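Trainee: output the structure for:
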Amino acid sequence: MRRRGRVLILLGLILAILAFILAYYLLQGGAAPPPEVETAQVVVALAPIAERTEIPVEAVGTKELPVNAIPANALRDPSEVLGKFSLVQIFPDQIILSDMVVDKSEVQKTGQYASFAIPQGFVAIAVPITDTNSVARAIQAGDFVDVLVTIRYKVVAERISPEGAVTETELGESLVVQLTLQDVEVLKVGLWGTARAAQQEEQQQQQGEQQQERAQGPAFLTLLVRQQDALVLKYARDDPSFVVDFALRGVGDHSIVTTDSVTLDYLLTRFNITPPTALPRIIAPP
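Mentor: Below you'll find the model as predicted:
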């Protein structure tokens, strides 16, 4: 009995020591650490970013967030945002998603959000083109062109009767050709798309128009010009006596030149052309 009592006392002491050690370990913060949460870097707004504005460098930064809390289309590097435009208003500390921003190259490629690609002080205007006036359709987005204009004048002869009545006889046409606008940037060739996803019927119609355009060639150029020059292009487009052609510039050529108007007299003088001598006419007596 005495030996059994000693064993019980010894077991009690061991249990007490273990309890003391466990309590000390817990008090010292020795509890098992929680499992690590995997994180990743995302781009966030550091300041408010207004809708339809260029995103400045100081307005974006990065933040570490749990992977399971990051949207699939979240941007991960600030370089993916800088220089682009915001499509929506972005608030401080908000994760910036890929569909919140757009850049100029995407505008020209997708044909959406055209206004984001127009520099300050310029407007975009569409002009019709053909195989002839578009350098056999060699002009592409990003090229620079000069605008050549032909003006057709009617040549008339006036005759005043003894009674003072004036009659006009049309003798034909006279042409004047001149270089007008120079170094005009081409924003896009062909039709623009829609800015948002359209209804299925509209998409099918647009696809049909694009297929027809590919078969026949693009029908329009969208040019970037100053407002006053846009009026010049509109006048030339609306007046049937004007014919417009586009001359394609070489890469890097932005020089401005002075030219002389080309008329029949100019051609005769410059190239020393001698007009034919008028043949005598026999007038029968009355």
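
Trainee: any buried residues in stretch 87-102, and which?
Mentor: Across stretch 87-102, burial judged by 16 or more other CB atoms under 10 Å covers Leu87, Ile90, Ile95, Ile96, Leu97, Met100, Val101, Val102. Where you see a C-beta, it was placed from the backbone N, CA and C, and this is true even at glycine.

Trainee: identify all contacting residues around that stretch.
Mentor: With contact meaning CB atoms under 8 Å, 6 or more residues apart in numbering, stretch 87-102 is reached by 42-52, 55, 60, 63, 65, 70-71, 73-75, 80-81, 84-86, 112-113, 116.

Trainee: can I get the buried part of these as one PyMOL selection?
Mentor: Applying 16+ other CB under 10 Å to the contacts of stretch 87-102, the buried members can be selected in PyMOL as follows:
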select buried, resi 42+43+44+45+49+55+60+65+70+74+75+81+84+85+86+113+116
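
Trainee: from the buried residues of stretch 87-102, which ones fall inside helices?
Mentor: Among the buried residues of stretch 87-102, no member falls in helices (DSSP state H).

Trainee: distance check, Val166 against Ala45.
Mentor: 74 Å (CB to CB, to the nearest Å).

Trainee: typo on my end, Ile90
Mentor: 5 Å.

Trainee: list the contacts for Val107?
Mentor: Tyr113, Ala114, Phe116, Ala117.

Trainee: and the last one, how many residues sit next to it?
Mentor: Residues near Ala117, counting by other CB atoms under 10 Å, number 21.

Trainee: confidence score at Ala157?
Mentor: As predicted, Ala157 sits at a pLDDT of 81.

Trainee: got it, and Ala141?
Mentor: For Ala141, pLDDT reads 90.

Trainee: by average pLDDT, which secondary structure element in the protein comes out worst?
Mentor: helix 200-216 (a mean of 54; mean pLDDT, DSSP states H and E).

Trainee: who are the packing partners of the helix or strand following it?
Mentor: Using DSSP states H and E, the helix or strand that follows helix 200-216 in sequence is strand 220-225. With contacts taken as 3 or more CB pairs under 8 Å, 6 or more residues apart in numbering; DSSP states H and E, strand 220-225 sits against strand 123-128, strand 184-189.

Trainee: I'd assumed Thr269 was in a helix, is it?
Mentor: Yes - assessed with DSSP: H, G, I helix; E, B strand; the rest coil, Thr269 lies in a helix.

Trainee: next, count neighbours for it.
Mentor: For Thr269, the count of nearby residues is 10 (other CB under 10 Å).

Trainee: for Lys104, same thing?
Mentor: Neighbour tally, Lys104, other CB under 10 Å: 17.

Trainee: kindly report the same for Thr53.
Mentor: Around Thr53 there are 13 other residues, counting by other CB under 10 Å.

Trainee: bridging residues for the residue nearest to it when sequence neighbours are not counted?
Mentor: Distance criterion CB to CB, 6 or more residues apart in numbering; nearest residue to Thr53, sequence neighbours excluded, is Ser86 at 5.7 Å. Beta bridges link Ser86 to Val101, judged by DSSP bridges.

Trainee: which residues touch Ser86?
Mentor: Applying CB under 8 Å, 6+ apart, the residues near Ser86 are Ile49, Ala50, Glu51, Arg52, Thr53, Ile55, Met100, Val101.

Trainee: same check, this time on Ala45
Mentor: Ala59, Val60, Ile90, Phe91, Pro92, Asp93, Gln94, Ile96.

Trainee: what mean pLDDT does stretch 262-274 get?
Mentor: Averaged over stretch 262-274, pLDDT sits at 93.

Trainee: buried sites along it?
Mentor: Neighbour-count burial for stretch 262-274, counted by 16+ other CB under 10 Å, picks out Val262.

Trainee: now do that stretch: distance to the chain's middle.
Mentor: Centre-to-centre, stretch 262-274 and its host chain are 44 Å apart (CA atoms, centre = their mean, to the nearest Å).

Trainee: same check on stretch 114-128?
Mentor: Computed by CA atoms, centre = their mean, the chain-centroid distance of stretch 114-128 equals 8 Å.

Trainee: just the buried residues of it, please?
Mentor: Ala114, Phe116, Ala117, Phe122, Ala124, Ile125, Ala126, Val127.
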